[in-house]
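Q: Predicted model and sequence below, questions to follow.
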Amino acid sequence: MSVASLLAAADTVPAPDVEWSALSPFLVVVVGACLLLPIAGLLPRRTRVAWSALFTIAVALGAIGASAWVWHDLSRVGPTERTTVAGAYAVDKFSLFLIVVICVGVILATLLTEGYLRREDLPGAEAYLLYLASASGAIIMVTAADLIVLFIGLEVLSIAAYVLAGLHRRRLRSGEAALKYFVLGGFSSAFFLYGVALIYGATGTTNLVGIAEYLATHRLLDEGLLLAGIGLLIVGFAFKVGGVPFHVWTPDVYQGSPSPVVAFMASVVKAAAFAGMLRVVVVALSTHRLDWQPILYAIAVLSMIVGAVLAVVQSDVKRMLAYSSINHAGFMLAAVSTGADEGIAAVLFYLAAYTVLIGGTFGIVTLFGRRGDGHHDIDDYRGLARREPFLALALTIFLLAQAGTPLTAGFLAKFYVIQAVVDAGSWWLGLVAMLAATISAFLYLRIVLTMYAGVTDADVEVAEPTAEPVRRIHVPLGAKVAIAAALVLTIAIGVVPDPLTHASRTARPELVAPGD
Amino acid sequence: MLELTWLIPALPLAGFVVLLVAGRRLGEPLAGWLATAAVGGSFVATAVVFLGLVAEPAAERRFGQVLFEWVPAGGFSVDLGFLVDPLSVAMCLFVTFCATLIHLYAIGYMHGDPNFTKFFVYLNLFVFSMLMLVLGDNMLVTFLGWEGVGACSYFLISFWHTSDANASAGKKAFVTNRVGDWGYMVAMFLTFTALGSIRYVDIADGAAGLTATTATAVALLLLVGAAGKSAQIPLFVWLPDAMAGPTPVSALIHAATMVTSGVYLFTRMNGVVAAAHPWVSTVIAVIGVATALVAASIAVAQNDIKKVLAYSTISQLGYMFLAIGSGAYVAAIFHMITHAFFKALLFLGAGSVIHGMADEQDMRRMGALRKLMPVTAVTYIVGWLAIAGVPPFSGFWSKDEILLFAWEKSPVLWFVGLVTALLTAFYMSRQVFLTFFGEARWDEPLEDAVPELAVERGLLPYEGENEIDDDIEQVYELDHLPHGVGPKEAIHPHESPWLMTLPLVVLAVMAAVSEIIQLPVTNTTKYLEHWLYPVVEQGEHHLTASTATKWGLAVVAIVAGAVGILGAASIYLKRRLDEQPAAPEVLRNGWYYDSGLAAFMGGPGRAAFEAVAWFDRTIIDGAVNGVATVVRVASGGLQRTQTGFVRAYAGIVTAGAVLVVFVLILRGVVL
């Protein structure tokens, strides 16, 4: 829809056609977020049962149910895509798949946050509200079929995430993380918005279908405007997923933010940003694949290598995991760079697996942080296997899965990426990915070995007089459920990957104009 | 009814999971009953599937059930699926049948064991793995089961791992089986390369089109795999030591089911053997018959009641390999089934004796037990007659059929098989006479028991027996001190509880009558042959011998069996002949094969391993450490960019953005 036709139609101002049923997952989350605040306000400040958390989980489950219902509806009706709200919003299996991933991320983060808030003696409800608000932004992003709508989603997602980073008000680092995230996030949003403007300038529309159609039917005399726009969009997305060199905020923010919030950021924010990247860059701008592909190659290779290499030398576990998340982003970017269907399926599988893995990993990291969320130095993990055998074993499984050990979800995630890359003919990229996976294995094994390395008697004798008595870690019910669920899913996806593989291959982003 | 196939392995799996989660809470004996019910249910499911398959016309008895795509990898995809055909259902029937009885028996046998629940956890997992092995519709699923049964076998061998000997026996089984697994895996890769598929249906269809060289390579590699699992020369050393496990384990895993999986594998892949050079089947037959003879000769001189049965199992497995090499696949499966019944019976009977004798295993300290343990004695005698080849018991028919095929392959093979049959009758009769007949000897001290037991378990060297007395306390933990060594205590042999004798009775009936599935009287009574024929038609040899030859061979076999029994009777029952020459030192020590192997591995073998270890340390680890050093140096430089200042970060982001846009425009517009 061009500006001219919009002006011509202005005197009638038709209400856009809204298909409410297709929007139901989004509506559930938004309405849930709106309801959460009054509900939390009516409850007493301290309740024995975490009603707010339960409500949040119920909302997320409701959204998953609604997604399943719409998915089923799409399978039944036939056309795999529906646009609604005048083509601004595309409900297809791709968006539904990612909505489910986002909601799983919300559920895991909520379960972890509940115990965290009690331990740190922080007031509740706000965190859950922000999760839901951020998730609604993420849902807009994965569903948006228009660059402006996508930008709105990005901002809704990000602003809530900035506040979440500063959730622990009494910790300076938490505030510092929030401020850094906010300043740099705003900075990158500017790049993104400028990119949108340039693309609008080059094609005359912000609608993805319109852009794709225009580029397919017109040959631009001067592509400079368009290419600059593409470049800036990629910068905006790469910032959100933490691709090198736009990753610089990641280590500081991950280290400073409350651990459960990191799980949320690493899963939900990444899922939304990758969704936007796939739909805009890979699908809508597929005509210019040869232009953007080298850029993505470079970012992917840098992310994989720099993430792995820097992770190895960190001494703070949360910082290590931040670099490891950059490494993971590199893998997904490698799959994105193929621009092929297998690559998209690989990214979706990776996102789903990664959400589970990161939820479990940060679940245990939250517990190991103890009161104050500060015990994250690698030395604090020494000998934990003896004191907390179950938690240490669970963390070992999650880390091995992140390293890509067979029979876990992580193996197939990496395997599909390398397969997609090789299928697309980029042998060298596959080799780099394998090298990066090998280097990153160091980092995971380092944490595991530290946990299982015994504390020698000499250490104990020296430390004993001054050290505070080490108490067993209290594992709240929410964390128990989250860790157990993540464990089961990690193994289940690794052993029986077929349902997820199938779903990720079915969930292809489509571009269909409204009214088709 | 065929759709119920998934239930067959699912029930033991469910039993395993439930016991794993809630086993300790269930406790004894409920956990045992639950495990038994799971396997029993699996038997019922198998029976239902069997009836469903019978209802189909003979040519269409092949049903596939795919649960899910297991390894989707581009062009190569493996399903987790089941293949229901006459062979797999026949295997499932006797596996679940024997397993149910042995589970039941184990409830009684393991009574009072501190790890009662754990035992049934492993046992159910084993049955699940075994069923996956036989039901899998491709080589990878079979391999999953193959590894699964192996793992359970190691766990169960070292179940009482308080004793060092048991733990090292488990390790020995593990190491030996790795050699076999290597053969299996390479065979699998080669099959995929040659045929583009590892599904049995495709292999059966495509085997005829294989080049003789490829088929030969695959068959020989399968032989390596099968020899490891089924304890054939030269990989049989682990099985006698595996008797360190509880007796129900010996009966189920190391006699009736797991060790026969090599035979199953060859029957499944008979088309490949048929397509290979003819000398391959000769190799298989020679290995089989040599194993049969060597193991039988060793069994003649063993004094441990379970060791005799262990070598006997190796010997009988040798018969099955002889059958495969002679193209007698039906006979091999027939013998596998009858052997499963009578050998499980013998092992369980031996377990009952051990139970009644308060853990005494040395036959020289038994005798006259038939009066004190009547049910065990009678059922054991049925098993003995079956394995000794006395008509009309089942062992006679299956062994006779194998010998007939061996005769057609080569009279030499037949003759060695016949000698083995004579030895079999001899050592089994010796065992029965020493255990159940003669005088009661359980109060007699046994001077040489100490060094011998220790030597048999591989704990002590053969020389220097004088020094042993000092070490004995270290070698055996006090509560596992063998009888005849430790302080004397009164033994009161007694019959076992009904839980243990009931399976004995059922198995005795089966050992006596299971030949009805394949009676060579008329062509129509060969039910098993008609049933299996569609599966084995590519490899099955067709008999040409006249009826007179068949009768003649059968009579010679009966005479050989009678000679063996009478010989044993005159030595061990009537005491007319001296027993010393009948059990020479060289046989008692198993032809020194085990110790020779240990000496070789300790000498030249060890040097070779050390060379490999040096290479690994210096070259491979060097490369790895080199990478680590490079990483450390590189990261030091990179880390300096991570200053913590927002302005620096913003600068990096801006530089990156400028670079991206610049490169894009440069490539797109200028170039």
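A: Yep, that arrived.
Q: Could you use CA atoms for every contact and neighbour count after this?
A: Will do.
Q: Might you enumerate the residues of the stretch 251-400 of chain B proximal to chain A?
A: Taking CA under 8 Å from any CA of the partner chain, no part of the stretch 251-400 of chain B reaches chain A.
Q: residue ranges for the helices of the stretch 251-400 of chain B, please.
A: For the stretch 251-400 of chain B, applying DSSP state H, counting those that start in this stretch gives helices covering B:261-268, B:270-275, B:278-299, B:305-325, B:329-356, B:369-372, B:374-387, B:394-409.
Q: Quick one, which of these gets closest to B:Thr522.
A: Nearest to B:Thr522, of all those, is helix B:394-409, at 13.7 Å by CA to CA.
Q: Now the element after the closest one, going C-ward?
A: Sequence-wise, the next helix or strand downstream of helix B:394-409 (DSSP states H and E) is helix B:411-436.
Q: What does B:Gly81 show for phi and psi?
A: phi -130, psi 160 (degrees, to the nearest 10).
Q: Grab the nearest non-local neighbour of the residue nearest the centre of chain B.
A: Geometric centre of chain B, nearest residue: B:Val259, 1.9 Å, by CA atoms, centre = their mean. Closest residue to B:Val259 apart from its sequence neighbours, by CA to CA, 6 or more residues apart in numbering or on different chains: B:Ser230 at 4.3 Å.
Q: burial count for that neighbour?
A: 30 (other CA atoms under 10 Å in any protein chain shown).
Q: Next, B:Leu83: secondary structure please.
A: Judged by DSSP: H, G, I helix; E, B strand; the rest coil, the three-state class of B:Leu83 is strand.
Q: Following the record's annotation, map out the domains of chain B.
A: With domains defined by automatic domain parsing, chain B comprises B:1-185+B:231-267, B:282-443+B:491-580, B:453-485, B:604-670.
Q: A:Val496 is nearest to which of these?
A: domain B:1-185+B:231-267 (6.7 Å).
Q: tell me the mean pLDDT for that closest one?
A: Averaging pLDDT along domain B:1-185+B:231-267 gives 83.
Q: Now do the buried residues in stretch A:362-373.
A: Across stretch A:362-373, burial judged by 16 or more other CA atoms under 10 Å in any protein chain shown covers A:Phe362, A:Gly363, A:Ile364, A:Val365, A:Thr366, A:Leu367, A:Phe368, A:Gly369, A:Arg370, A:Asp373.
Q: do stretch B:550-563 as well
A: B:Leu553, B:Ala554, B:Ala557, B:Ile558, B:Ala560, B:Gly561, B:Ala562, B:Val563.
Q: Show me the helices in the stretch 1-150 of chain B, by range?
A: Secondary structure of the stretch 1-150 of chain B, counting by DSSP H, counting those that start in this stretch: helices at B:7-26, B:30-55, B:86-109, B:116-135, B:139-157.
Q: how about these in CSV, adding mean neighbour count?
A: Formatted as CSV, the helices of the stretch 1-150 of chain B follow (neighbours: other CA atoms under 10 Å in any protein chain shown):
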stretch, mean neighbour count
helix B:7-26, 20
helix B:30-55, 22
helix B:86-109, 24
helix B:116-135, 27
helix B:139-157, 23
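Q: possible to save those as JSON lines with distance to A:His218?
A: Shown next, in JSON lines, are the helices of the stretch 1-150 of chain B (distance: least, CA to CA, whole Å):
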{"stretch": "helix B:7-26", "distance to A:His218": "60"}
{"stretch": "helix B:30-55", "distance to A:His218": "65"}
{"stretch": "helix B:86-109", "distance to A:His218": "64"}
{"stretch": "helix B:116-135", "distance to A:His218": "60"}
{"stretch": "helix B:139-157", "distance to A:His218": "53"}
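Q: so which of those gets nearest B:Leu528?
A: Among the helices of the stretch 1-150 of chain B, if distance is taken as CA to CA, the winner is helix B:86-109, at 9.0 Å.
Q: how far off helix B:116-135 does that closest one point, in degrees?
A: Counting by axes from the mean of the first three to the mean of the last three CA atoms, to 10 degrees, helix B:86-109 points 170 degrees away from the direction of helix B:116-135.
Q: contacting residues for the closest residue in space to B:Ala151 that isn't next to it in sequence?
A: Leaving aside its sequence neighbours, B:Ala151 sits nearest to B:Phe174 (CA to CA, 6+ apart; 8.0 Å). Residues near B:Phe174 by CA atoms under 8 Å, 6 or more residues apart in numbering or on different chains: B:Gly150, B:Ala151, B:Tyr154.
Q: In the stretch 401-516 of chain A, which residue sits closest to chain B?
A: The nearest approach of the stretch 401-516 of chain A to chain B comes at A:Asp498, 5.9 Å away (CA to the nearest CA).
Q: Now that residue. Nearest residue, chain neighbours left out?
A: Take A:Asp498 and drop its neighbours on the chain: the residue closest to it by CA to CA, 6+ apart is B:Glu69, 5.9 Å away.
Q: and that neighbour, bridged to which residues?
A: B:Glu69 forms beta bridges with B:Asp79, as assigned by DSSP bridges.
Q: give me every residue that touches it.
A: Applying CA under 8 Å, 6+ apart to B:Glu69 gives the contacts A:Asp498, B:Ser77, B:Val78, B:Asp79, B:Leu80.
Q: Now, of those residues, which are buried?
A: Buried among the contacts of B:Glu69 (16+ other CA under 10 Å): A:Asp498, B:Val78, B:Asp79, B:Leu80.
Q: isn't the first one right next to B:Ser77, touching?
A: Pointing back at A:Asp498 there. No. With contact defined as CA atoms under 8 Å, A:Asp498 does not count as touching B:Ser77 (11.4 Å).
Q: Strands of chain A, residue ranges please.
A: Applying DSSP state E to chain A gives strands spanning A:81-84, A:89-92.
Q: Good, we can wrap up now.
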